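Trainee: My questions concern the predicted model and sequence given below.
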Amino acid sequence: HPSLSKVLVVCTISGGGLVAYSDVRRPFSGVYADAAQPTIKKKKLVVLGTGWAGTSFLKNLKDPSLDIQVVSPSNYFAFTPLLPSVTVGTVEARSVVEPIRNIVRKKNLDVGFKEAECFKIDTVNQKVHCKSTQKTNSGGNEEFTVDYDYLVIAMGARANTFNTPGVIENAHFLKEVEDALRIRRSIIDCFERASLPSTSEEEKKRILHFVVVGGGPTGVEFAAELHDFLYEDLTNLYPDLKKYMMITLLEAGDHILNMFDKRITAFAEEKFKRDGIEVKTGSMVVKVTDKSISLKERSTGESKNLPYGMVVWSTGIGTRPVIIDFMKQIGQGNRRVMATDEWLRVEGVPNVYAIGDCATINQRRVLEDISAIFSKADKNKNGKLNVEDFTGVINDIVERYPQVELHLKSKKMKNFVQLLQSNQDSAAKQTTQLDIEKFKSALSEVDSKMKSLPPTAQVAAQQGEYLAKCFNKMKECDENPEGPLRFRDSGRHRFKPFRYKHLGQFAPLGGEQTAAQLPGDWVSIGHSTQWLWYSVYASKLVSWRTRFLVIGDWARRFVFGRDSSRI
Ligand code: FAD
């Protein structure tokens, strides 16, 4: 009954007499035996962050023997791939978020949630120090600590400014739901300001110049959404301002979407040109003031000033200060990103795991291991292996390090594998000798490409699911410490290493057109791919509630257009 402050539950289990006791004002923190019985204490699992990685972990966790505490400044999960749509009102903010308490509300799991930010991780005393996001009566933010036996860090990353002066003060980021809402308001502000009678022609031109910095998937998708909003909706409402509107996309590299297939890059650049979005490649932003952006052309070194009305900064991600501090503590201070092994354990600290954008699998160690596999195969072969030896080495590497498989598609590697294949088919199969150096040089290309997995929702969600499955089996493994045969050698974890499965990537380009790069280098571009995008994203939404809301928003937009009220 809600009016009862204490709940006493007597559980009758075989062997009898266990009492579960909980004070509803405090999080349930364990199961205690009555005086006659030995205490059964639940292991404390603390999860930091409720983004893609943390939520996927919690959704897949099934072990009721854990006392789980979740700490995050957001009491919801946000479906980030739809944030660019939120910036222009194609989709409403509330349609892409789901309360975290709804997600973790599972009958047999003991989960507590604290809306707070972790500001320090103390691995010596196994505690995390947190600060509430809510103000107390005295006006400050309450600080508290949470003990852990296992810690899962899933705090994501922050926007990277490369220390460019003026970015934090003047640019918008597109990382969180609040950012998307701020951008939406700012776009309308620009139009209303430009409509005022006192605004000069020159000012109108400046105010309605929208600049996007960063030609990656997020920057490109935002530019496309903005273009549709401006030319499908706002031109009808502000017809006099149409001639002043302009969108510029700045990219420091030679092309936009350079992580995609060349066909997609070319299509996107061509489409943006047709749409009137100015794409400036090879342009480095060196400073941002409240009204202009200073650029430096990479090829000529020439400097330029670009007046603007609103700028959105989307140039990738950087490590959060709390993680930098933690890395210094654990001897990873010389790294840019926190390193884990392939089982997602933070290197050098027991019982601490890191998933999602806040960490990366340490590939240097992987490569050392690959080298060792290779040397073993090369033993007594004087640098020459036959086709079978090579096939064995490749199979061994791919089985152990599936990430490598992704990069077997690199050009050098493709040529090499083709050569291997043709030799395998030839009559000289057993005797053909292949130069080990060729394989090594192919591997060096793999080396440079497999530095890290991409910081995407796909990787984060798969890591969360993988780690939850490990936790679900942890008890069973503790009872059978030998583990599966393959992992019995010393130093090996008892589970199979994390294996990332790439399911493809979308790049929405506006005007109901999307590009998709699907597994097997399959490229699809156009209106039909947009429908594929609608169906994939609708199916990936975290709940039926959000699915219903998002599909409703899409339908509303088709019928009535986007809402331009400034609320
Ligand atoms: P996040 O999802 O960022 O979650 C981090 C969590 O940690 C949040 O809940 C945050 O509140 C919490 N947190 C932060 N600081 C603290 C702290 N001090 N203490 C405790 N908790 C903390 N990826 C794709 O695969 N496909 C896409 O189409 C795609 N589109 C994107 C569009 C946009 C606009 C953005 C910004 C990203 C997009 N991504 C996409 C990338 C994807 O969102 C990220 O890779 C993914 O969110 C990473 O998941 P994460 O759990 O590591 O971090």
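Mentor: Arrived safely. Residues are numbered from 1 along each chain as shown.

Trainee: Apart from its neighbours in sequence, what residue is nearest the residue of the stretch 301-450 of the chain found nearest the ligand?
Mentor: Per CB to the nearest ligand atom, Gly356 is where the stretch 301-450 of the chain lies closest to the ligand, at 2.1 Å. No exception for glycine: its C-beta is placed from N, CA and C like everyone else's. Nearest residue to Gly356, sequence neighbours excluded (CB to CB, 6 or more residues apart in numbering): Ala53, at 2.9 Å.

Trainee: Who are the contact partners of the one you found?
Mentor: Ala154, Gly156, Ile355, Gly356, Asp357, Cys358, Ala460, Ala461, Gln463, Gly464 (CB atoms under 8 Å, 6 or more residues apart in numbering).

Trainee: before we move on, back to that, can you report how many residues neighbour the residue of the stretch 301-450 of the chain closest to the ligand?
Mentor: The number of residues packed near Gly356 is 29, by other CB atoms under 10 Å.

Trainee: going forward can the numbers begin at 2, since that is how I track them
Mentor: Sure, I'll start numbering at 2, so the last one becomes Gly357.

Trainee: so it touches Gly465, yeah?
Mentor: Yes. Here Gly357 reaches Gly465: they are 7.2 Å apart, a contact under CB atoms under 8 Å.

Trainee: shared neighbours of the two, which are they?
Mentor: Shared contacts of Gly357 and Gly465 (CB under 8 Å, 6+ apart): Trp53, Ala54, Gly55, Ala155.

Trainee: Tell me the strands beside the longest strand along the chain, with direction?
Mentor: If you go by DSSP state E, the chain has its longest strand at strand 111-123. Taking DSSP bridges as the criterion, strand 111-123 pairs within the sheet with strand 67-73 (parallel), strand 128-136 (antiparallel).

Trainee: Mean pLDDT lowest where, among these?
Mentor: Of all the strands paired with strand 111-123, the minimum mean pLDDT falls on strand 128-136 (a mean of 92).

Trainee: So what's the gap between that one and the chain middle?
Mentor: Distance, stretch centre to chain centre, for strand 128-136: 24 Å (CA atoms, centre = their mean, to the nearest Å).

Trainee: can you give me the end-to-end distance of stretch 103-115?
Mentor: This stretch, stretch 103-115, spans 14 Å end to end (CA to CA, to the nearest Å).

Trainee: Next, the buried residues of it.
Mentor: Neighbour counts using 16 or more other CB atoms under 10 Å place Ile104, Val105, Asp111, Val112, Gly113, Phe114, Lys115 of stretch 103-115 among the buried residues.

Trainee: Then stretch 332-340?
Mentor: Taking 16+ other CB under 10 Å as the neighbour-count basis, stretch 332-340 is seen to contain the buried residues Gln333, Val338, Met339, Ala340.

Trainee: distance of the second one from Gly52?
Mentor: Okay, so that is Val338. Using CB to CB, to the nearest Å, we find Val338 at a distance of 16 Å from Gly52.

Trainee: With the third one instead?
Mentor: Using CB to CB, Met339 is found at 16 Å from Gly52.

Trainee: One more: the first one?
Mentor: Gln333 sits 22 Å away from Gly52 when distances are taken as CB to CB.

Trainee: Quickly note the distance from Tyr63 to Phe472.
Mentor: Not Tyr; residue 63 is Lys. Using CB to CB, Lys63 is found at 9 Å from Phe472.

Trainee: same deal with Asp255?
Mentor: For Asp255, the distance to Phe472 under the criterion CB to CB works out to 44 Å.

Trainee: follow-up on the earlier one: can you add distance to the ligand and give the buried residues of stretch 103-115 back as CSV?
Mentor: Output for those, formatted as CSV (distance: CB to the nearest ligand atom, whole Å):
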residue, distance to the ligand
Ile104, 12
Val105, 13
Asp111, 20
Val112, 15
Gly113, 14
Phe114, 11
Lys115, 9
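
Trainee: Pick the one among these closest to Ile568.
Mentor: Sorting the buried residues of stretch 103-115 by how near they are to Ile568, with CB to CB, puts Ile104 at the top with 28.0 Å.

Trainee: how about the residues of the stretch 2-151 of the chain that lie near the ligand?
Mentor: Applying CB under 6 Å from any ligand atom, one finds that the stretch 2-151 of the chain approaches the ligand through 49-55, 72-75, 81-82, 84-85, 118-119.

Trainee: Looking at these, which are in helices?
Mentor: Trp53, Ala54, Gly55, Leu84, Pro85 (DSSP state H).

Trainee: how about the residues you listed, which pair is most distant?
Mentor: Put simply, by CB to CB the two of these set farthest apart are Gly55 and Pro85, 22.2 Å from each other.

Trainee: could you pull out the strands for the stretch 202-351 of the chain?
Mentor: Using DSSP state E, counting those that start in this stretch, the strands of the stretch 202-351 of the chain run over 210-214, 247-252, 278-282, 284-289, 293-298, 304-308, 311-314, 318-319, 339-341.

Trainee: Run through the neighbouring helices and strands of the fourth one.
Mentor: By that I understand strand 284-289. Packed against strand 284-289 by the contact rule (3 or more CB pairs under 8 Å, 6 or more residues apart in numbering; DSSP states H and E) you find helix 168-171, strand 247-252, strand 293-298.

Trainee: what mean pLDDT does the second one have?
Mentor: Confidence over strand 247-252 (mean pLDDT, whole number) is 97.

Trainee: Repeat that for stretch 87-97.
Mentor: When pLDDT is averaged over stretch 87-97, the result is 96.

Trainee: could you dump it to CSV, C-alpha only?
Mentor: Provided in CSV are the C-alpha atoms of stretch 87-97 (Å, rounded to 0.1, in the frame of the first residue of the first chain):
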residue,chain,number,x,y,z
VAL,A,87,13.7,17.2,-34.1
THR,A,88,15.7,20.3,-34.9
VAL,A,89,13.2,21.3,-37.6
GLY,A,90,10.0,19.7,-36.1
THR,A,91,9.7,16.8,-38.6
VAL,A,92,9.5,14.8,-35.4
GLU,A,93,8.7,16.1,-31.9
ALA,A,94,11.2,15.8,-29.1
ARG,A,95,8.9,13.8,-26.8
SER,A,96,8.4,11.2,-29.6
VAL,A,97,12.1,10.2,-29.5
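
Trainee: Can you name the residues in contact with it?
Mentor: With contacts defined as CB under 8 Å, 6+ apart, stretch 87-97 is touched by 79-80, 83-84, 86, 175, 178, 181-182, 184-185, 188, 223, 226-227, 229-230, 542, 547, 550-551, 553-555, 558, 563-565.

Trainee: In helices only, show me these.
Mentor: Using DSSP H, the members of the contacts of stretch 87-97 that fall in helices are 84, 86, 178, 181-182, 184-185, 188, 223, 226-227, 229, 547, 550-551, 553-555, 558.

Trainee: Can you turn the buried part of those residues into a PyMOL selection?
Mentor: For the buried members of these, the matching PyMOL selection, counting by 16+ other CB under 10 Å, is:
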select buried, resi 84+86+178+181+182+184+185+188+223+226+227+229+547+550+551+554+555+558
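
Trainee: give me the low-pLDDT residue ranges for the stretch 102-251 of the chain?
Mentor: Along the stretch 102-251 of the chain, the model assigns pLDDT under 70 to residues 108.

Trainee: which regions of the stretch 402-551 of the chain lie under the pLDDT threshold?
Mentor: Of all residues in the stretch 402-551 of the chain, those with pLDDT under 70 make up the ranges 402-453, 478-495.

Trainee: residues from it in reach of the ligand?
Mentor: Counting by CB under 6 Å from any ligand atom, the positions of the stretch 402-551 of the chain adjacent to the ligand are Pro456, Thr457, Ala458, Gln459, Ala461.

Trainee: most surrounded residue in these?
Mentor: Counting by other CB under 10 Å, top hit in those: Ala461 with 26 neighbours.
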